[in-house]
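Trainee: take this sequence and fold it.
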Amino acid sequence: MFERDKMLLGQVARMVYFDLLAVDSNLGGMLPSDLDGATPPPAGAPNAFVVFDDNAWGTPRPAAVLEFPRRLDHTGEFDVHQGAALGTAAFDANLCGYARNCVPQPGTSARLDTISDRLMYRLQYRQFRQP
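Mentor: Below you'll find the predicted structure:
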């Protein structure tokens, strides 16, 4: 988490880093939300991250929203909360036996890296009405 207002002004900004390994070693590959539109989240609203785990990895959470508080003044505290669980159709994230560079590209010898344990698109936050 960064002090965005100061960064936009080119000022020295603080950041908070959470090491989640001790909390849950399966929380890799989280996708943070970013703002779409002109209306920011309400003051004090948590930032949303989405995480997914294939149940082949032994985790009961196929996809979930995690909420990180925006509290730069409490850097010693870790208080992430699980928000909504997201229902998904059954899937298998084991693409090519977790090998890299295995998806052929038509008309070339190049291959794509599947990065099968990562979400690969944007997580948009959009405020449609004022709270």
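Trainee: tell me how many other residues surround the residue nearest to Asp34 when sequence neighbours are not counted.
Mentor: Of all residues not flanking Asp34 in the chain, Arg122 sits nearest, at 6.2 Å (Cβ to Cβ, 6 or more residues apart in numbering). Yep, even glycine has a C-beta here, placed from its N, CA and C like the rest. Neighbour count for Arg122, taken as other Cβ atoms under 10 Å: 11.
Trainee: how far away is Arg122 from Pro32?
Mentor: In this view, Arg122 and Pro32 are 10 Å apart by Cβ to Cβ, to the nearest Å.
Trainee: how about Glu67?
Mentor: Relative to Pro32, and taking Cβ to Cβ, Glu67 is found at 11 Å.
Trainee: for Gln11, see how far away the spatially closest residue to Arg14 that is not a sequence neighbour is.
Mentor: Once flanking residues are discounted, Arg14 sits nearest to Glu3: 5.2 Å by Cβ to Cβ, 6+ apart. Noted for Glu3: a distance of 8 Å to Gln11, by Cβ to Cβ.
Trainee: now Gly107
Mentor: Distance of Gly107 to Gln11, given as Cβ to Cβ: 49 Å.
Trainee: likewise Gly97?
Mentor: Gly97 is 48 Å from Gln11, by Cβ to Cβ.
Trainee: give the contact list for the most centrally placed residue in the chain.
Mentor: Residue closest to the average C-alpha location in the chain (Cα atoms, centre = their mean): Leu31, at 1.8 Å. Shown in contact with Leu31 (Cβ atoms under 8 Å, 6 or more residues apart in numbering): 49-51, 118-119, 121-123.
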